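> Structure for this input, please:
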Amino acid sequence: MERTPLQVVLDAITTRTGTGQLQNGQWRLHCPAHPDRNSSLGLGESPAGHALLYCQAGCRTEDVLASVDLQMRDLYPIPVGDRRDDPIVATYPYVDETGQLLFQVLRTANKRFMQRRPDPDHHGKWIYKLDEVRRVLYRLPAVLQAIREGQTIYLVEGEKDVHTVELDGCVATCNPGGAGKWRPEYTEQLRGAHLVIVADIDPTGVGMRHARTLHQQLQPVAASLLLTQPAAGKDTTDHRLAGHQLDELTIVDPNPPTPTLQAVPLPPEAIDGPAEPVSPATTDMGRARIRLTPASAFTIKPVRWVWDGRMPLGEICLIAGREGVGKSTFLAWLTAAITNGNLPGVYEGEPRAVLYSASEDAWSYTIAPRMVAAGANLDLVYRIDTLDDDGTPGKLILPRDSRYLPEIAEETKAAALMCDPILSLVDGRINPNQAQELRSALEPLKHAAETAGIVVPALVHFNKTRDVDILSMIAGSRSWSEVARAALAIAEDKEADEYTCVVSQGKNNLGRKNLPNLLYTIDDVALETEDGPPARVGRLRWTGETELEAEEVLQRKPTSQANRDNVNRTQAAILDWLDEQGRACSPREVADGLPDVLNYENAKKTLARLASRGVIQRVGTGLYRTEPAVPAAGAGSTPMRTRDPIGKTVPVPRPSQGGWKGGAGTKTVPGERAGTGQVVGAGQVVPDMVRSCTVCYGPLIPVEPGQTTHPTCEST
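Model (predicted):
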């Protein structure tokens, strides 16, 4: 018999942390994502068979699942054959008073939502756009019956919470679209109802503002009205998983404090003293005040760089890459350079401390050995975490703990706070895919870094997309790259002769972006231990510079015959048609060439889907082709210079025939642009980057000065 999601999650957690207790239909467990002595993890099941998780210590659901080798999709009863990365896991039908289906809301495993309505012209088909279809409240027939019978109705923010309330035998509803999507017709549908509004708690305050808006609009029509919020967690589901009953919701004043605009004179010491004259808004007896500061009050200051030209002090610097590129090993190298005082920048020659927060690796087995291998001054590397009232250690939580950083940095003389990765530090109630929510965690950290005078190198992951700019590849909200003033991108060059990673400056608001692209490899190092066998870790070794950008590496997309074999009839027809054309084509051309197969809109979607799978190539703005890219001359051998990024020369092994000889004492090779190539060594010329043909937009390697098209394209 196939196990339910609840059983899968329960078995995985109890195998790791020990048995739990079943209380009032909810499991109380030790959370595997943090040292937990209090059974702070709640596990339950929705009426649809979904497993529900909530950690009272603030751990994100994703982190809890990852700690036991599970994914978000494991919370849902997904069919065995469905291997999509983000499958649909819940369908919420919205019906009219008679039970007639009007539209559906679909939820995916990663909490994306879509809306669709039945296609009136094609039975069993759907239109993924509501247009003018009538909007109603969720569970409308049950809501109307509850009004007639005088029952209490819980007005929550989402369909999942409606189902949670229904587990207790009560009636609940919500509006489609969530916060900010309330319509006047919903107010009329609740006329005469006894209502309890439950506000979602989120750092941005959007949930509470939405709930107060509902209270204001429903007050004239409701028979009774109460505004509440969860006693624990973000929403009603978290409240119940924490062991609280519905009658234990916290009552909230529906009238928020009224802000007033007040100009506050700037004290003289704020102009001449060390403190910045601008700070967050202060409060006075619950009333917000506005501070006005003339621009003339600010002292002009130069940008100070902890890594010259790349990482500015007082800012967040993202270090982005996919798995397997050694981002944590890169942080170990950076830590060693700072704690030894040999990183070019404001602290060169002055060893400084580093604060290090890591949640994915163990200090004894991984992080400390990495530091030793990198040559860091371990007395200046501080693991930073928190302690509960009972002495239980925990990780930093953003934005909660940002305020402590200036004092800690001053006490330790720290130059950096390493976040490995930063996503694990974000409060679990914050959705990293929502821009405003994520900003609520990052902006206090940025302010704390500026006050403390430290840089915050923060590891983030790239998603699987390729045909976008490098900052758009960062998983989650665009706020990651918007708040950070600098970003480094790391990509593995799989066409190189040996394991090689390219480091490029993806963003640099305070400095130059056209900095040299750096190359490194990772060596295996064995460290002696007190318990017997050696500890094996990686150590970063810089190997030079390259003209190759990390973005170019990430956007490589070789055609895969295995992927091509796994296509449907429509996709096969497109591939055959593109093969016949022998050039890059637009979706409009594909639709015109295959009028009996698909229309323009479907052509756009299908071509983009094939490109994302690597079956075809996107070679221009909205152009696609099936031929593989023409390889650059010397492919597999990345052009490089041997200047170490911290000012040292390093040996770079090269073939002795027609190349360089690597060895101790290898000197920096000067490189200059000359004519049509990059002169990187005696007698060694590497062609310029591959360009695009101005006719077919396919890859073009110029063989003559000024060439912009293929010879075969000139005659067409």
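> Domain ranges for the protein, per the record?
Using automatic domain parsing, the domain parsing of the chain gives 5-75, 135-251, 307-490, 561-625.
> Can you check which helix is longest in the chain?
When the chain is scanned for its longest helix (criterion: DSSP state H), the result is helix 435-452.
> what separates that helix from the chain centre, distance-wise?
15 Å (Cα atoms, centre = their mean, to the nearest Å).
> how far off helix 435-452 does the helix or strand following that helix point, in degrees?
Once the chain leaves helix 435-452, the next helix or strand it forms, by DSSP states H and E, is strand 456-461. Here the directions of strand 456-461 and helix 435-452 differ by 150 degrees (axes from the mean of the first three to the mean of the last three Cα atoms, to 10 degrees).
> Can you point out the buried residues in the next helix or strand after strand 456-461?
Downstream of strand 456-461, the next assigned helix or strand under DSSP H and E is helix 479-483. Applying a neighbour-count criterion of 16 or more other Cβ atoms under 10 Å, one finds 479, 480, 481, 483 buried in helix 479-483. C-beta here means a position set from N, CA and C on the backbone, and glycine is covered the same way.
> One more: stretch 517-536?
Buried, per 16+ other Cβ under 10 Å, within stretch 517-536: 517, 518, 519, 520, 521, 522, 525, 535.
> and which of these is nearest residue 160?
residue 522 (43.1 Å; Cβ to Cβ).
> Find the nearest non-adjacent residue to the closest one, please.
Once flanking residues are discounted, residue 522 sits nearest to residue 538: 4.2 Å by Cβ to Cβ, 6 or more residues apart in numbering.
> now swap in residue 114 and tell me
residue 106 (4.5 Å).
> ok, the one you found - contacts?
88, 90, 91, 92, 113, 114, 115, 116 (Cβ atoms under 8 Å, 6 or more residues apart in numbering).
> Pipe the residues you listed into JSON lines and attach neighbour count and distance to residue 396 per row.
Output for the contacts of residue 106, formatted as JSON lines (neighbours: other Cβ atoms under 10 Å; distance: Cβ to Cβ, whole Å):
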{"residue": "88", "neighbour count": "15", "distance to residue 396": "35"}
{"residue": "90", "neighbour count": "18", "distance to residue 396": "33"}
{"residue": "91", "neighbour count": "12", "distance to residue 396": "38"}
{"residue": "92", "neighbour count": "21", "distance to residue 396": "36"}
{"residue": "113", "neighbour count": "15", "distance to residue 396": "31"}
{"residue": "114", "neighbour count": "13", "distance to residue 396": "35"}
{"residue": "115", "neighbour count": "18", "distance to residue 396": "38"}
{"residue": "116", "neighbour count": "17", "distance to residue 396": "41"}
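> a markdown table for those residues, including distance to residue 136, pLDDT and secondary structure?
What follows is those, written out as a markdown table (distance: Cβ to Cβ, whole Å; pLDDT from 0 to 100; DSSP: H, G, I helix; E, B strand; the rest coil):
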| residue | distance to residue 136 | pLDDT | secondary structure |
| --- | --- | --- | --- |
| 88 | 22 | 81 | strand |
| 90 | 18 | 84 | strand |
| 91 | 16 | 89 | strand |
| 92 | 12 | 92 | strand |
| 113 | 17 | 86 | strand |
| 114 | 18 | 88 | strand |
| 115 | 13 | 91 | strand |
| 116 | 15 | 92 | strand |
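> ok, so of those, who is nearest residue 440?
Distance ranking of those against residue 440, using Cβ to Cβ, places residue 113 first at 21.1 Å.
> hang on, isn't that closest one packed against residue 105?
Yes: between residue 113 and residue 105 there is a contact under Cβ atoms under 8 Å: 6.1 Å.
> What residue, apart from its backbone neighbours, is nearest residue 65 spatially?
Nearest to residue 65 is residue 71, by Cβ to Cβ, 6+ apart, at 6.1 Å.
> Wait, that neighbour touches residue 64, no?
No: counting by Cβ under 8 Å, residue 64 is not a contact partner of residue 71; they are 11.3 Å apart.
> Looking at the two, which is more packed in?
residue 64 (24 against 12; other Cβ atoms under 10 Å).
> what helices or strands is the strand or helix carrying the more buried one leaning on?
Here residue 64, judged by DSSP H and E, is contained in helix 61-66. For helix 61-66, the packing partners by 3 or more Cβ pairs under 8 Å, 6 or more residues apart in numbering; DSSP states H and E come out as strand 51-55.
> Check what pLDDT residue 172 gets.
Residue 172 is assigned 95 on the pLDDT scale.
> same thing with the one 4 residues further on?
According to the model's per-residue confidence, residue 176 sits at a pLDDT of 93.
> and residue 381, how far is that from residue 536?
20 Å (Cβ to Cβ, to the nearest Å).
> Oops, could you answer that again for residue 354 instead?
23 Å.
> For the stretch 551-700 of the chain, give me the ranges with low pLDDT.
557-566, 619-621, 627-700 (pLDDT under 70).
> let's go with 80 and repeat that
Scanning the stretch 551-700 of the chain for pLDDT under 80 picks out 555-567, 582, 612-614, 618-622, 626-700.
> what's the answer for the stretch 201-350 of the chain, then?
Counting by pLDDT under 80, the stretch 201-350 of the chain shows low-confidence ranges at 203-205, 256-289.
> can you give me the helices for the stretch 451-600 of the chain?
Applying DSSP state H, counting those that start in this stretch to the stretch 451-600 of the chain gives helices spanning 479-483, 550-554, 561-565, 569-581, 587-593, 600-612.
> With respect to burial, which of these scores highest?
Scoring the helices of the stretch 451-600 of the chain by mean neighbour count under mean count of other Cβ atoms under 10 Å gives helix 550-554 as the most buried, with a mean of 22.
> Does that one pack against any helices or strands, and if so which?
strand 486-492, strand 501-508.
> now the shortest one: how far from the chain's centre is it?
Computed by Cα atoms, centre = their mean, the chain-centroid distance of strand 486-492 equals 15 Å.
> Would you mind getting the angle between that strand and strand 501-508?
160 degrees.
> mind listing what strand 486-492 pairs with, with the direction of each?
With DSSP bridges as the test, strand 486-492 is paired with strand 316-321 (parallel), strand 501-508 (antiparallel).
> hmm, back to that, how about the contacts made by the residue nearest to residue 522?
With Cβ under 8 Å, 6+ apart, residue 538 has these contacts: 326, 329, 370, 373, 522, 523, 524, 525.
> hmm, back to that, please tabulate the helices of the stretch 451-600 of the chain in CSV, including the columns distance to residue 78.
Formatted as CSV, these follow (distance: least, Cβ to Cβ, whole Å):
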stretch, distance to residue 78
helix 479-483, 28
helix 550-554, 29
helix 561-565, 23
helix 569-581, 24
helix 587-593, 31
helix 600-612, 20
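> Pick the one among the contacts of residue 106 closest to residue 420.
Nearest to residue 420 among these, with distances taken as Cβ to Cβ, is residue 113, at 31.6 Å.
> Give me the contact list for the helix holding residue 64.
9, 13, 31-33, 41, 53-55, 71-72, 74-75, 359, 424, 428.
> Buried subset of those as a ChimeraX selection?
Typed into ChimeraX, the line below selects the buried ones among the contacts of helix 61-66, using 16+ other Cβ under 10 Å:
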select :9,13,31,32,33,41,53,54,55,72,74,75,359,424,428
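> Spit out the contact partners of residue 393.
35, 385, 386, 387 are the contacts of residue 393 under Cβ under 8 Å, 6+ apart.
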